[in-house]
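K.L.:
generate a structure from the sequence data that follows.
(one chain, ligands or ions: 3)
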Amino acid sequence: MPLMKPAAQSSASGLTRRVGQRSTFASFAPPVMQDTTGSKGPTAIVFLNMGGPSTTGEVGDFLSRLFADADLIPLGRLQSYLGPLISRRRTPKIKEQYAAIGGGSPIRKWSEYQSSEMCKLLDKLSPETAPHKPYVAFRYADPLTGETYSKLLEDGFGRGRGSRAVAFTQYPQYSCSTTGSSLNELWKWRNRLEGKNENMGIKWSVIDRWPVHPGLVNTIAENVEKQLATYPTERKGDVILLFSAHSLPMSVVNRGDPYPAEVAATVHAVMQRLNFSNPYRLVWQSQVGPSAWLGAQTSIAVEEYVKKGQTDLILIPIAFTSDHIETLYELDKEVIGEAGHEGIKRSESLNGNPVFIEALADIAHKHLMSGESCSMQMRLRCPSCRSEKCLHQKKFFAGRGDLL
Ligand SMILES: C=CC1=C(C)c2cc3[nH]c(cc4nc(cc5[nH]c(cc1n2)c(C)c5CCC(=O)O)C(CCC(=O)O)=C4C)c(C)c3C=C
Ligand code: FES
Ligand SMILES: [Fe+2]
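P.N.:
Ligands and ions are numbered 1, 2, ... in the order given. Alright, predicted model coming up:
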């Protein structure tokens, strides 16, 4: 059941009833402390992300799940035939890339670190909803969404008593191919494991986007400033800032996906915070396959600026919260390594940056205080969306039946 507006919470959600049931959560703070604080916790904070293979041995499974996802790569009626075929063909090349960045994706390590550090801050910021318990639910790698849902139930959330969980997307900008797919998956597991009665079970609310949160903007801007400070003073003002985000197929852009506009909003906010100190562009990376993708392409942009004699460039990852194959391999080894100019650099990813973790805690705190089930934007489907799954998932998480 999604969490409704604050007025509905105390009467319908059962949050107050749970005060006497705390002993179920034996691993949390002692009951005496909970009673004196009047906390409505525990609250599960579930980080949603795509995940990545932690070892090269997991690459095959990661790619086969990714190519089976029709919300990401729609292959129509041939999905179950073409998906495994493409992923098997692609596995050796992608395995080599993960081997070259140390043998796996660091996404799991960073997600677990960020979520647990964030919950410690949140316990102090929001004693009313404490204790906050961190979970990670990945779409294509361990811990998979279904596994995490089972863990929530084992830990005592849900099962008709009702208790609160927040699905917190780790994609700052919303795309139906990323956050949308993760929410569809979460909704699927909710139905499988808790049944279809929407008045029972875990009370979900969703943090579905945060493209211009000041803490996010500030962390990215500080990382850019750190990198700018490495150039000689006389060159610093002319360094081009190239914000690089994972691209989208034009078919997704034309369906009306919100991601390109939200990524542009992040870029604008970062530049505002930097007082527009340098020339900049937003470019797009990691196109896969032969269809048309949103450009300009990062690698081509770098090549073209270099051809024009501009070799002072900072690449800035703007749409992902940790390092991954596309920063460590594609940007560092392919784009920057192959360009071979000392003036072409990359700003750090957010990873374990404490300013960023504070930002995550602030986003979650504001969400918990708001009593909202999700953002206003999440209620609106893309103009050309034909997916029943999107419709039902949005109805469920928004807690409203009247969506377009
Ligand atoms: C905001 C980030 C991302 C968007 C938007 C996104 C859309 C998108 N991706 C594919 C296809 C693939 N993506 C792959 C890997 C991958 N994608 C992202 C992020 C976004 N994708 C990341 C961070 C990663 C790497 C994860 C890691 O472990 O490091 C892959 C697999 C790699 C490969 O085979 O090249 C594919 C395929 C599509 C089609 C798409 C939009 C519809
Ligand atoms: S594809 Fe965007 S809402 Fe369905
Ligand atoms: Fe991708």
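
K.L.:
what sits against V212?
P.N.:
Contacts for V212 were tallied using CB atoms under 8 Å, 6 or more residues apart in numbering; they are 265-266, 269. Any C-beta I mention is one placed from the backbone N, CA and C, and that applies to glycine too.

K.L.:
in a strand, it, correct?
P.N.:
No: read with DSSP: H, G, I helix; E, B strand; the rest coil, V212 is coil and lies in no strand.

K.L.:
check whether stretch 74-94 comes near ligand 2.
P.N.:
No: figure legend: stretch 74-94 not in contact with ligand 2 (CB under 6 Å from any ligand atom); closest approach 9.8 Å.

K.L.:
how is the protein partitioned into domains?
P.N.:
7-51+106-210+354-398, 56-100, 214-346 (automatic domain parsing).

K.L.:
what would those domains look like in JSON lines with mean pLDDT?
P.N.:
Shown next, in JSON lines, are the domains of the chain (pLDDT from 0 to 100):
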{"stretch": "domain 7-51+106-210+354-398", "mean pLDDT": "84"}
{"stretch": "domain 56-100", "mean pLDDT": "95"}
{"stretch": "domain 214-346", "mean pLDDT": "95"}
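
K.L.:
need these in TSV (columns: mean neighbour count and distance to ligand 1).
P.N.:
Output for the domains of the chain, formatted as TSV (neighbours: other CB atoms under 10 Å; distance: least, CB to the nearest ligand atom, whole Å):
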stretch	mean neighbour count	distance to ligand 1
domain 7-51+106-210+354-398	19	4
domain 56-100	16	5
domain 214-346	18	3
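
K.L.:
got the ones you listed as TSV, with distance to L404 columns?
P.N.:
Below are the domains of the chain laid out as TSV (distance: least, CB to CB, whole Å):
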stretch	distance to L404
domain 7-51+106-210+354-398	6
domain 56-100	19
domain 214-346	12
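
K.L.:
now do the same contact list for the residue of the chain found nearest ligand 1.
P.N.:
Relative to ligand 1, the nearest point of the chain is G52 (2.1 Å; CB to the nearest ligand atom). Neighbouring residues of G52 by CB under 8 Å, 6+ apart: 62, 104-108, 140-141, 324-325.

K.L.:
can you tell me which residues in the stretch 201-350 of the chain are near ligand 2?
P.N.:
Close to ligand 2, as judged by CB under 6 Å from any ligand atom, the stretch 201-350 of the chain has residues R255.

K.L.:
which stretches of the stretch 201-350 of the chain form strands?
P.N.:
203-207, 240-246, 280-285, 313-317, 344-346 (DSSP state E, counting those that start in this stretch).

K.L.:
ok, which of the ones you listed comes nearest L75?
P.N.:
strand 240-246 (19.6 Å; CB to CB).

K.L.:
what packs against that closest one?
P.N.:
The contact analysis (3 or more CB pairs under 8 Å, 6 or more residues apart in numbering; DSSP states H and E) places strand 240-246 against helix 259-273, strand 280-285, helix 298-307, strand 313-317.

K.L.:
so how far is it off the chain centroid?
P.N.:
18 Å (CA atoms, centre = their mean, to the nearest Å).

K.L.:
for ligand 2, what's the nearest residue on the stretch 51-200 of the chain?
P.N.:
For the stretch 51-200 of the chain, CB to the nearest ligand atom, closest residue to ligand 2: C176, 3.4 Å.

K.L.:
quick check, that residue in a strand?
P.N.:
No: counting by three-state DSSP, C176 is not part of a strand but coil.

K.L.:
for it, which non-adjacent residue is spatially closest?
P.N.:
D257 (5.5 Å; CB to CB, 6 or more residues apart in numbering).

K.L.:
up against ligand 2, what does the stretch 51-200 of the chain have?
P.N.:
176, 180.

K.L.:
what about the helices in the stretch 51-200 of the chain?
P.N.:
59-68, 79-100, 107-125, 145-154, 179-194 (DSSP state H, counting those that start in this stretch).

K.L.:
residues making contact with the fourth one?
P.N.:
Same thing as helix 145-154. With CB under 8 Å, 6+ apart as the criterion, helix 145-154 contacts 44, 46, 48, 135-139, 143, 158-159, 165, 182, 185-186, 189-190, 192-194, 202.

K.L.:
run the angle between that helix and helix 179-194 for me.
P.N.:
50 degrees (axes from the mean of the first three to the mean of the last three CA atoms, to 10 degrees).

K.L.:
report the distance from helix 145-154 to the chain centre.
P.N.:
For helix 145-154, the distance to the chain centre is 19 Å (CA atoms, centre = their mean).

K.L.:
got the CA positions of it in PDB?
P.N.:
The C-alpha coordinates for helix 145-154 follow below in PDB (Å, rounded to 0.1, in the frame of the first residue of the first chain):
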ATOM      1  CA  THR A 145      14.800  -6.500  -6.100                       C
ATOM      2  CA  GLY A 146      12.900  -9.800  -5.300                       C
ATOM      3  CA  GLU A 147      15.600 -10.900  -2.900                       C
ATOM      4  CA  THR A 148      15.500  -7.500  -1.100                       C
ATOM      5  CA  TYR A 149      11.700  -7.600  -0.900                       C
ATOM      6  CA  SER A 150      11.900 -11.000   0.800                       C
ATOM      7  CA  LYS A 151      14.500  -9.600   3.200                       C
ATOM      8  CA  LEU A 152      12.200  -6.700   4.100                       C
ATOM      9  CA  LEU A 153       9.500  -9.200   4.900                       C
ATOM     10  CA  GLU A 154      11.800 -11.500   6.900                       C
END
